[in-house]
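> sequence plus predicted model, see below.
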Amino acid sequence: MQKEIRLFSPATVANVACGFDVLGFCLDTIGDEMVIRTTEAKGIKITKIEGYDLPYEAEKNVAGVSALAMYNALEPDCGFEIEIYKNIKPGSGIGSSSASAAGSVYGMNLLLGSPLDFTALTNFAMKGEALASQCEHADNLAPAIFGGFTLVKSAKPLKILELPTPDDLYATLIHPQIEIKTSESRALLPKEIPLDHAITQWANVGSLVHALHTSDYALIKEALHDVVIEPHRKQLIPHFDAVKTAVLEAGALGCAISGSGPSIFALSKGESTAKAVENAMRNVYANTAIDFETYVSKINTEGIKKIN
Ligand SMILES: Nc1ncnc2c1ncn2[C@@H]1O[C@H](COP(=O)(O)OP(=O)(O)OP(=O)(O)O)[C@@H](O)[C@H]1O
Ligand SMILES: N[C@@H](CCO)C(=O)O
């Protein structure tokens, strides 16, 4: 008998300022929907994509690549159809590719009776993510699958640490409607970094992890800095410095590039500050020719979930 499942697959913020390729958190209000269905015919088929123009061939769509990796490993006695209802614009910096790569394997696993744990699912989803970014990184996938804040302790072998989410922490995002491909934004980065920058960065990562554990908002504020990646990428994002100045004046704890951009995120204590930060972001872009969307979101501690 055919079985199907409908999922909400959330947007995510990777890097979280200081944690390039290791830190990420999951958003609440922004995400794709996906339907995964078992079929008698073997194999993986993408049967519907709405919202954005993306390839239907499983091998060219991140959802299909991760699904095929899991399918070939498990060899189940059914096939799967995938429908993607895309709300997250590809090349957004809020984990568009990751939502699809994670959603397909998460849904297949549920339909198969959950034989795999979240780490195994993330491993298969990384094969899909690699199609988009030319690199197997899990800093969007881990928060999408586990929820909350996550730290990728190592990619090979994959080890993910779940971090606590302070109750009153809110994210605000602005998404300028330009596309920056992760693969291109990664190509800009230096292969080596000065030791003093490395020292600052790993002190900030350690401090941020400690601050999340202790709900220390003042320490979150001190730790949300990126001296390694932001100086190289910020020129891809129009008005980045003006947004950052405006949101810090509006009371944000910190502000940085979301993933590989162009989205910019800020973290704030309390919803009213997060909304004031949204206004500050909007005011910077309102006087430009660039279209944009803004969002205020609680940190989503649940991750991908079944809906209906
Ligand atoms: N199902 C899919 N969803 C989104 N992008 C896809 C999908 N399948 C293939 N792609 C390709 O992946 C690329 C977008 O992924 P990319 O990692 O560059 O953006 P992103 O996921 O929004 O960014 P980030 O990882 O920084 O948050 C585009 O070239 C797009 O065509
Ligand atoms: N850590 C990745 C996230 C984007 O997918 C990067 O910044 O390139």
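Structure's in. What do you need? Ligands and ions are numbered 1, 2, ... in the order given.
> which secondary structure element is home to residue 276?
Secondary structure from DSSP states H and E places residue 276 in helix 271-286.
> and that helix, how far out from the chain middle?
21 Å (Cα atoms, centre = their mean, to the nearest Å).
> could I get the buried residue list for that helix?
273-278, 280-281, 284-285 (16 or more other Cβ atoms under 10 Å). From N, CA and C alone the C-beta is placed, and that goes for glycine too.
> gap between the two ends of stretch 168-181?
The distance separating the two terminal residues of stretch 168-181, taken as Cα to Cα, to the nearest Å, comes to 32 Å.
> is it anywhere near ligand 1?
Yes. Shown here: stretch 168-181 in contact with ligand 1 (Cβ under 6 Å from any ligand atom) through residue 181.
> repeat for stretch 150-159
No. Taking Cβ under 6 Å from any ligand atom as the criterion, stretch 150-159 and ligand 1 are apart, separated by no less than 13.7 Å.
> which parts of stretch 17-28 are buried?
Of all the residues in stretch 17-28, those buried under the rule 16+ other Cβ under 10 Å are 17-20, 22-28.
> what are the C-alpha coordinates of it, in CSV please?
Included here for stretch 17-28 are C-alpha records, laid out as CSV according to Å, rounded to 0.1, in the frame of the first residue of the first chain:
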residue,chain,number,x,y,z
ALA,A,17,29.3,34.6,12.9
CYS,A,18,32.3,32.9,14.4
GLY,A,19,31.7,29.2,13.6
PHE,A,20,32.4,28.8,9.8
ASP,A,21,31.2,25.4,8.7
VAL,A,22,30.6,24.2,12.3
LEU,A,23,27.8,26.2,14.0
GLY,A,24,24.2,26.6,12.9
PHE,A,25,20.7,27.2,14.1
CYS,A,26,17.2,26.5,12.9
LEU,A,27,14.5,29.0,12.1
ASP,A,28,10.8,28.7,12.9
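> for ligand 2, see how far away the residue lying closest to residue 200 once chain neighbours are set aside is.
Of all residues not flanking residue 200 in the chain, residue 227 sits nearest, at 5.1 Å (Cβ to Cβ, 6 or more residues apart in numbering). According to Cβ to the nearest ligand atom, to the nearest Å, residue 227 and ligand 2 sit 15 Å apart.
> hmm, back to that, after the helix holding residue 276, next one along is what?
Using DSSP H and E, the helix or strand that follows helix 271-286 towards the C-terminus is strand 292-298.
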